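Q: Sequence plus predicted model, see below.
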Amino acid sequence: MTHLTWGDRVPDDFFDGSRARILELQRDNGAIPWYDGGVIDPWNHTEAAMGLTVLGEIEHARRAFNYLAETQLKDGSWWGQLGAAVPFDETEQRFTGEEKDAGHHIRDTNFAAYIATGAWHHYLVTRDRKWLAGIWPHVEAAIRFVLSYQSEHGEIRWAADDPHTPEDDALITGSSSIYKSLECAAQIARELGHPSRDWMEARAKLGEALRDKPHRFDRTWEPKDRYSMDWYYPVLAGVVTGEAARKRLAAKWDIFVAEGKGCRCVMDQPWVTVAESAELTMALLVSGQRAKAEAMLSWQHQWKADCGAYWMGYQFADEVAWPAEKPAWTAAAVILATDAIAGMTPAAHLFAERTLAEAAE
């Protein structure tokens, strides 16, 4: 297994397969779907664009951002699709549906907010202030949309109040990701000389809700605590820090982590997923546990397909890559985690530390 630490030179060809996979999936209009013929959502699309940025594929990354600019709705949101709604062929062990099979489009608040993270990340790598100023109106509109769904208690509704998303509820993982995106949005505003106080105050309220008001989340559906993302995302996003972060990760480590393999997606399934493992790598870095982070990342390279791209996950009871998919965002998550571990780009610190304190601190 390849073990990397800070300052290590990542071999030039190390991510050739991942690069090729993301570029293979990117369409002429800049969109990057989950898989061949598959669904598109703004969050995973942006994650893939960030992977391209790290690898120096700046033109292709900007095509992805241009796609976001061109498809943004007037209220600052985007229509997105849920990949989990696509038909799955149990025989072929892969998604078989096309975009039309993904069910209803939704205006997810976390989907919308993530453009801020992607844009700030792109700027940290390129230092192209003109480009940042060009994407700013889209970031501002997106954050305005997101914060229009923040309640007086601090949590943010998971999606717009549309006919197919009537649930007035909030998600821990999605809200944590929004918290990170608000950090990045405020950084962009400051860099360009725009006010950011209101966003910082909204972020502080959201952080307080995530830490101290668990009753404001999962009110209308079953709790999502079976999923590892609800466990590590508050740490990854910087909502929970320091010793509290380390205690949070330690509390369910043996439940979610399969030693030598990675992070389970769901606590009761013998299935580790590469993207979750890569994100946990960065959560470990944020919480000051570099040795564990380096080990977690090193385990993921055994899940490379022959083409060099990463399988979505590995079912270790059956000892098979499952599903038989190599999503663009899976590759991107590993690329971002590797940057955070080894320092490939000037953006390496973005997911390795919280770069902006809360207004209340």
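A: Structure's in. What do you need? Residues are numbered from 1 along each chain as shown.
Q: so A160 sits right up against R107, yeah?
A: Yes: at 3.8 Å, A160 and R107 qualify as touching, with contact defined as C-beta atoms under 8 Å. Backbone N, C-alpha and C define where each C-beta goes, glycine included.
Q: Look up the closest residue to M1, ignoring the ones flanking it.
A: S298 (4.6 Å; C-beta to C-beta, 6 or more residues apart in numbering).
Q: Spell out which helix or strand contains the one you found, please.
A: Element membership for S298, per DSSP states H and E: helix 290-300.
Q: Excluding its own residues, what touches that helix? List them.
A: 1-6, 257, 260-263, 274, 277-278, 280-282, 284-285, 310, 334, 337-338, 340-341 (C-beta atoms under 8 Å, 6 or more residues apart in numbering).
Q: Of those, grab the buried ones for PyMOL.
A: Buried residues within these, by 16 or more other C-beta atoms under 10 Å, are selected in PyMOL with:
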select buried, resi 4+257+261+262+263+274+277+278+280+281+282+284+285+310+334+337+338+340+341
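Q: What about the contacts of helix 290-300, which are in strands?
A: Of the contacts of helix 290-300, the ones assigned to strands by DSSP state E are 257, 262-263.
Q: pLDDT on stretch 226-237, on average?
A: Stretch 226-237 shows a mean pLDDT of 98 in the predicted model.
Q: And it, how far out from the chain middle?
A: Relative to the centre of its chain, stretch 226-237 is centred 11 Å away, using C-alpha atoms, centre = their mean, to the nearest Å.
Q: follow-up on the earlier one: can you give me the buried ones in the helix holding S298?
A: Buried residues in helix 290-300, counted by 16+ other C-beta under 10 Å: 292-300.
Q: Show the subsequent helix or strand relative to that helix.
A: Immediately after helix 290-300, counting by DSSP H and E, sits strand 313-315.
Q: That following strand pairs with which strands, and in what direction?
A: Strand pairing for strand 313-315, determined by DSSP bridges: strand 271-273 (antiparallel), strand 320-321 (antiparallel).
Q: Of the ones you listed, which stretch is the most buried?
A: strand 271-273 (a mean of 24; mean count of other C-beta atoms under 10 Å).
Q: what's the closest of the strands paired with strand 313-315 to P327?
A: The minimum distance between P327 and the strands paired with strand 313-315 falls on strand 271-273, with 10.1 Å, by C-beta to C-beta.
Q: and for the closest one, what are the contacting residues?
A: Against strand 271-273 from outside (C-beta under 8 Å, 6+ apart): 258, 261-265, 312-316, 322, 330.
Q: Going by neighbour count, which of those residues comes out on top?
A: When neighbours are counted by other C-beta atoms under 10 Å, T330 leads these with 32 neighbours.
Q: S181 and A116 touch, don't they?
A: Yes: contact criterion C-beta under 8 Å: S181 and A116 qualify, at 4.5 Å.
Q: Dump the strands paired with strand 313-315 into TSV; add mean pLDDT and distance to I22 as well.
A: Formatted as TSV, these follow (pLDDT from 0 to 100; distance: least, C-beta to C-beta, whole Å):
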stretch	mean pLDDT	distance to I22
strand 271-273	99	18
strand 320-321	96	18
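Q: which other helices and strands contact the helix or strand hosting W131?
A: Using DSSP H and E, W131 sits within helix 129-147. Contacts defined by 3 or more C-beta pairs under 8 Å, 6 or more residues apart in numbering; DSSP states H and E place helix 129-147 against helix 58-71, helix 109-126, helix 172-192, helix 197-212.
Q: Just the C-alphas of the second one, formatted as PDB.
A: Extracted in PDB, the C-alpha atoms of helix 109-126 (Å, rounded to 0.1, in the frame of the first residue of the first chain):
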ATOM      1  CA  THR A 109     -29.500  23.500   0.000                       C
ATOM      2  CA  ASN A 110     -26.300  21.600   0.500                       C
ATOM      3  CA  PHE A 111     -26.000  21.000  -3.300                       C
ATOM      4  CA  ALA A 112     -26.300  24.700  -3.800                       C
ATOM      5  CA  ALA A 113     -23.900  25.800  -1.100                       C
ATOM      6  CA  TYR A 114     -21.000  23.700  -2.300                       C
ATOM      7  CA  ILE A 115     -20.100  26.100  -5.200                       C
ATOM      8  CA  ALA A 116     -18.500  28.300  -2.500                       C
ATOM      9  CA  THR A 117     -16.200  25.500  -1.400                       C
ATOM     10  CA  GLY A 118     -15.300  24.600  -5.000                       C
ATOM     11  CA  ALA A 119     -14.700  28.300  -6.000                       C
ATOM     12  CA  TRP A 120     -12.500  29.100  -3.000                       C
ATOM     13  CA  HIS A 121     -10.600  25.900  -3.500                       C
ATOM     14  CA  HIS A 122     -10.000  26.800  -7.200                       C
ATOM     15  CA  TYR A 123      -8.800  30.200  -6.200                       C
ATOM     16  CA  LEU A 124      -6.400  28.900  -3.600                       C
ATOM     17  CA  VAL A 125      -4.700  26.800  -6.300                       C
ATOM     18  CA  THR A 126      -4.800  29.300  -9.200                       C
END
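Q: Many thanks, I have nothing further to ask.
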